[in-house]
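Trainee: Can you look at this prediction? I've put the sequence above it.
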Amino acid sequence: MFDSSKIHPAVTVNNIKNFIPITLEMEKSQYSFWSGLFKNHCRAYEVLEHIISATSDDSSSTNPPTPPPTRTTSWGLLDAIILQWIYGTISLDLLRTVYKEDSTAQQAWDHLKGLFQDNKNSHHVHLQHQFVNTSLENFPDASSYCQELKILADQIGTVGPTVEED
């Protein structure tokens, strides 16, 4: 069983929404933002290896490769917690798509990544359309309008060529 004298930091997270305040939805094209927050959270709670293997292209070159996890009872407990974090931060539609009984956190993570990375071209077109059709009259002030354009430009940059500042 899990040694309670050495409580892992991930076990102490009561509400993942306190750390990842957005819900990943297919329609909002916010995968890069969500995954960045999620990876940072996992790094802070020492469980990044549950979603990104040492051979994965997501792993940062500044971090040393993580050895494959030893599949112990505590590893299974932590993996279930990270899987709950994933499920708790995605939309119901994505949950229905990703959920698989006896899945691991990395399988769910890879499935989500595949859904968003495989649809990069359509996301890019959708975001460009949103950017071009964003109108100042739909915002209470210029600052809100500019913020929305910045968000869209950043999202476009994560899925394709960046928006020029001309």
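Mentor: Sure, I can see it.

Trainee: Can you find the helix or strand of the chain with the lowest average pLDDT?
Mentor: Lowest on mean pLDDT, DSSP states H and E among the helices and strands of the chain sits helix 120-132, with a mean of 76.

Trainee: which secondary structure elements does the helix or strand following it contact?
Mentor: Using DSSP states H and E, the helix or strand that directly follows helix 120-132 along the chain is helix 142-159. The contact analysis (3 or more CB pairs under 8 Å, 6 or more residues apart in numbering; DSSP states H and E) places helix 142-159 against helix 31-44, helix 120-132. For every residue, glycine as well, the C-beta is placed using N, CA and C.

Trainee: quick one: buried residues of the shortest one?
Mentor: With burial defined by 16 or more other CB atoms under 10 Å, the residues of helix 120-132 counted as buried are His123, His124, His126, Leu127, Gln128, Gln130, Phe131.

Trainee: With stretch 6-26 instead?
Mentor: Those would be Ala10, Val13, Ile16, Ile20, Leu24, Met26, for stretch 6-26 by 16+ other CB under 10 Å.

Trainee: any weak-confidence spans in this structure?
Mentor: Confidence mapping of the chain against pLDDT under 70 gives the ranges 1-5, 29, 54-73, 119-120, 123, 158-166.

Trainee: From Ile16, how far out is Tyr45?
Mentor: Applying CB to CB, to the nearest Å, the value for Tyr45 to Ile16 is 10 Å.

Trainee: got it, and Gln155?
Mentor: Separation of Gln155 from Ile16 (CB to CB) stands at 22 Å.

Trainee: Same check on Tyr87?
Mentor: Using CB to CB, we find Tyr87 at a distance of 9 Å from Ile16.
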